Structure formats: C-alpha cells, structure tokens
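K.L.:
Only the shape, not the letters, is given here:
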C-alpha cells in the first residue's frame, strides 16, 4: 500500500494509491493522514457490517431449507 500526500490549495490531500475512494483532506499533512486513517476504518466497518448481514441472510436461508 502506498499513501500519497499532495498539497491541495490551502491544505493537503492524503490518498491510498489505487483506491479511488480512500482519500481525505485537511489543513496539515498530519491531520490529512489522521483523517485518511479514519476513512479507512470507516470503510472497514462498513464492509464488516455487510459481511455480517450476508452471514445472517445465509443462516436464515439455511434454516428455511432444513
């Protein structure tokens, strides 16, 4: 994974190369990295929730077949 930090106007844009939805803006490089970490954690939480929902559906379907 490669993190890129670019100057953007009055602040900084931090992004993960190759992942168009993983980016964050802040007025300092350090804050941009912190915000990017928060974005990554938010995306991870979202995907984990989706997986858990799919497991529930799978289990309900398995019980319906029994």
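P.N.:
Nice, I can see it. Being a predicted model, the structure only gives us computed values, none of them experimental.
K.L.:
For residue 32, grab the count of nearby residues.
P.N.:
23 (other C-beta atoms under 10 Å). C-beta: built from backbone N, CA, C; applies to glycine.
K.L.:
So for the helix or strand hosting it, mean pLDDT?
P.N.:
In this assignment (DSSP states H and E), residue 32 forms part of helix 29-65. The average pLDDT for helix 29-65 rounds to 94.
K.L.:
what's the distance between that helix and the middle of its chain?
P.N.:
9 Å (C-alpha atoms, centre = their mean, to the nearest Å).
K.L.:
can you pull the buried residues of that helix?
P.N.:
By neighbour count on 16 or more other C-beta atoms under 10 Å, the buried set for helix 29-65 is 32, 33, 35, 36, 39, 40.
K.L.:
Hmm, the first one is touching residue 12, no?
P.N.:
Yes: counting by C-beta atoms under 8 Å, a contact exists between residue 32 and residue 12, whose distance comes to 4.1 Å.
K.L.:
what do these two both touch?
P.N.:
The contact sets of residue 32 and residue 12 overlap at 5, 25, 26 (C-beta atoms under 8 Å, 6 or more residues apart in numbering).
K.L.:
Return the closest of these with respect to residue 49.
P.N.:
Among the shared contacts of residue 32 and residue 12, residue 25 lies closest to residue 49 (C-beta to C-beta), at 25.2 Å.
K.L.:
secondary structure element for that closest one?
P.N.:
Residue 25 belongs to strand 23-26, assigned by DSSP H and E.
K.L.:
chain center to that strand, what's the gap?
P.N.:
The answer for strand 23-26 is 12 Å, by C-alpha atoms, centre = their mean.
K.L.:
What of stretch 4-13?
P.N.:
19 Å.
K.L.:
residues touching the spatially closest residue to residue 17 that is not a sequence neighbour, list them.
P.N.:
Counting by C-beta to C-beta, 6 or more residues apart in numbering, residue 17 lies nearest to residue 2, which is 4.2 Å off, once chain neighbours are set aside. Residues in contact with residue 2, defined by C-beta under 8 Å, 6+ apart, are 16, 17, 18.
K.L.:
Thank you kindly, that will do.
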